[in-house]
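Participant: prediction below, plus the sequence it came from.
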Amino acid sequence: MSKHHSLKAVAIAAALSYSASLYADGWPSWEPETAAVPFAFSSDSMGFAVGAAGLLKGAGQPQASVLGAGLLSDKGTWLTYLGASNYTLATDSRWLFGAELYSAEFKQFDYYLGEATSNDSSAEDAIVADAREAQYRVSARYILPLGAAESQGLPAALKPNRTVTGHFPWTSGISSLEFRPFYQSREFDDARQLQQKAFSEADSIWGLETRFDWDNRNNSRNPTEGSRSQFSVTYDPGSSDHASWWKWDLSQSWFWDLGAMGELIDQQVLAFNFYTGDIPSWNSTESVNGNEMFRRPPDYAGTRLGGLYRLRSFQSGRYVDRAALSYSMEYRILPDWQPLSEWPVFNWYDVPWWQWVAFADVGRVADEYNLAELHQDMKWSAGGAIRFQVEGIVVRAEMAWGSEDSLFRVMINQPF
């Protein structure tokens with residue numbers, strides 16, 4: 001077992017064993033809740049795929065949860081995901097621990113590599129290849145004694161609903177500092193034909209992401225007012241096959257309640273997100289085994305646009321470079337008509353609301369952090385989505401069209 005795997009195993013085991021000591025005097029008064037959903041879909045890139053996702057709430061501790069998912073396609077593509085979150089070492093602690101494990105193998109999948117990820121590249125620059133991918137991460141999140149958590153402590157961070165009481169971290173919201181050791185890899189079956197000139201060619205990396213998060217939303221699942229600010233710094237110390245590098249990312253979201261609209265619409269919300277990031281070490285070099293190497297990440301860890309959160313009509317990592325900037329806007333409504341509780345399958349679960357969404361994204365990447373350049377020749381996406389809360393988790397199904405392609409996705413959580 002590698003050092004990275006050992007770290008994760010120790011963290012999870014510590015949380016579970018400590019929870020056992022907390023309740024050693026008898027069975028806890030809570031019981032775990034479970035939910036499972038099978039799914040199937042077809043796409044050009046994956047073929048016909050079947051899978052399932054399952055949720056266990058109260059997994060070892062009343063506030064903790066475990067989420068797992070997996071799928072297999074007729075092209076031989078498979079992936080698995082397991083995530084555990086909100087474990088604590090003591091009832092009066094301010095620390096929350098978690099872990100995420102993702103592994104996948106893609107067959108005859110479209111990849112954009114090297115110069116094919118630049119802003120002036122085209123869809124025809126993709127290559128078709130087989131690859132194996134993995135991402136493993138543990139997290140240790142400290143809830144700072146500010147805002148709602150100053151007097152309430154950890155319980156304030158676990159509440160889905162909060163009152164927005166100000167516009168600064170020391171008066172409102174939940175502020176936290178999170179440390180996320182990670183391991184990430186991608187390996188192609190035939191690497192000889194794959195040249196990634198602008199990036200490191202390392203098959204695997206490891207490092208630490210440190211993130212500050214100020215969550216001043218009134219609801220973590222369906223916010224109607226407030227804001228959220230996230231700033232992170234990621235550092236990879238390098239190894240025998242690649243140089244060290246570091247990057248920063250900033251994400252800022254705002255939400256405005258537009259009220260109801262007669263008897264047809266119970267809630268209208270305008271949501272806006274701004275994202276930007278840079279790799280300051282990009283043009284510096286260091287010696288690795290006697291060779292001068294640029295201090296750059298591989299493209300799968302660079303500053304990226306496309307995927308589940310930004311430029312959603314493009315596949316994940318369609319655009320990668322030193323710097324990136326994007327804007328996203330959504331118009332979200334809760335219709336008064338809510339028939340899901342009466343529909344087959346949906347009536348097996350607690351589905352308190354569904355949401356209709358129209359959205360638009362614009363953004364671009366560049367080989368230097370220049371705000372003027374980052375606002376020129378921006379790519380765009382637009383689309384619609386239906387989202388609903390199932391057993392406390394937001395599920396979103398969305399269709400996005402853009403300047404190059406269109407994509408349909410099903411995923412969990414709001415994009416911002």
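Facilitator: Arrived safely.

Participant: residue contacts, Q152?
Facilitator: By Cβ atoms under 8 Å, 6 or more residues apart in numbering, no residues touch Q152. Just so you know, the C-beta spots here come from the backbone N, C-alpha and C atoms, and that holds for glycine as well.

Participant: pLDDT wise, what is it at?
Facilitator: If you check Q152, the pLDDT there is 89.

Participant: kindly provide the distance from G51 to G290.
Facilitator: As judged by Cβ to Cβ, to the nearest Å, G51 and G290 stand 47 Å apart.

Participant: which one's more surrounded, those two?
Facilitator: Legend: neighbour count by other Cβ atoms under 10 Å for G51 and G290, higher for G51 (17 against 5).

Participant: wasn't that one part of a strand?
Facilitator: Yes - assessed with DSSP: H, G, I helix; E, B strand; the rest coil, G51 lies in a strand.

Participant: contacts only, for it.
Facilitator: Applying Cβ under 8 Å, 6+ apart, we find G51 in contact with 38-40, 69-72.

Participant: and if we set it to 10 Å?
Facilitator: When the contact criterion is Cβ atoms under 10 Å, 6 or more residues apart in numbering, the partners of G51 are 37-41, 69-73, 78-80.

Participant: please apply the same query to L371.
Facilitator: L371 sits in contact with 276, 323, 325, where contact means Cβ under 10 Å, 6+ apart.

Participant: what bridges to the first one?
Facilitator: For T276, the beta-bridge partners under DSSP bridges are L250, L325.

Participant: of the contacts of G51, closest to Q355?
Facilitator: Taking Cβ to Cβ as the measure, Q355 lies nearest V37 of those, at 18.2 Å.

Participant: the host helix or strand of that closest one - contacts with which helices or strands?
Facilitator: Remark: V37 resides in strand 33-43, with elements defined by DSSP states H and E. Strand 33-43 sits against strand 47-57, strand 65-73, strand 393-402, strand 406-412, with contacts defined as 3 or more Cβ pairs under 10 Å, 6 or more residues apart in numbering; DSSP states H and E.

Participant: let's have those strands in JSON lines, adding distance to S121 and mean pLDDT.
Facilitator: Formatted as JSON lines, the helices and strands packed on strand 33-43 follow (distance: least, Cβ to Cβ, whole Å; pLDDT from 0 to 100):
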{"stretch": "strand 47-57", "distance to S121": "26", "mean pLDDT": "90"}
{"stretch": "strand 65-73", "distance to S121": "27", "mean pLDDT": "94"}
{"stretch": "strand 393-402", "distance to S121": "14", "mean pLDDT": "92"}
{"stretch": "strand 406-412", "distance to S121": "17", "mean pLDDT": "86"}
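
Participant: next, count neighbours for F294.
Facilitator: When neighbours are counted by other Cβ under 10 Å, F294 registers 16.

Participant: coming back round to it: what would the helices and strands packed on strand 33-43 look like in TSV with distance to G98?
Facilitator: Shown next, in TSV, are the helices and strands packed on strand 33-43 (distance: least, Cβ to Cβ, whole Å):
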stretch	distance to G98
strand 47-57	14
strand 65-73	9
strand 393-402	15
strand 406-412	15
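
Participant: so which of the ones you listed is nearest V357?
Facilitator: Judged by Cβ to Cβ, the one of the helices and strands packed on strand 33-43 that comes nearest to V357 is strand 393-402, at 7.3 Å.

Participant: run the chain-centre distance for the closest one.
Facilitator: 14 Å (Cα atoms, centre = their mean, to the nearest Å).

Participant: and what of stretch 304-315?
Facilitator: Taking Cα atoms, centre = their mean, one finds the center of stretch 304-315 at 12 Å from the center of the full chain.

Participant: swap in stretch 132-145?
Facilitator: Chain-centre distance of stretch 132-145: 11 Å, with Cα atoms, centre = their mean.

Participant: can I get that stretch in CSV, CA atoms only?
Facilitator: What follows is stretch 132-145, C-alpha atoms only, in CSV (Å, rounded to 0.1, in the frame of the first residue of the first chain):
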residue,chain,number,x,y,z
ARG,A,132,-6.9,4.8,-16.8
GLU,A,133,-7.5,7.7,-14.4
ALA,A,134,-7.5,8.0,-10.6
GLN,A,135,-8.1,10.7,-8.0
TYR,A,136,-7.7,10.1,-4.2
ARG,A,137,-8.1,12.8,-1.7
VAL,A,138,-8.5,13.2,2.1
SER,A,139,-9.8,16.4,3.7
ALA,A,140,-9.4,18.0,7.1
ARG,A,141,-11.6,21.0,7.5
TYR,A,142,-11.4,23.4,10.5
ILE,A,143,-14.4,25.6,11.2
LEU,A,144,-13.2,29.0,12.3
PRO,A,145,-14.8,30.7,15.3
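
Participant: cool, thanks, talk later.
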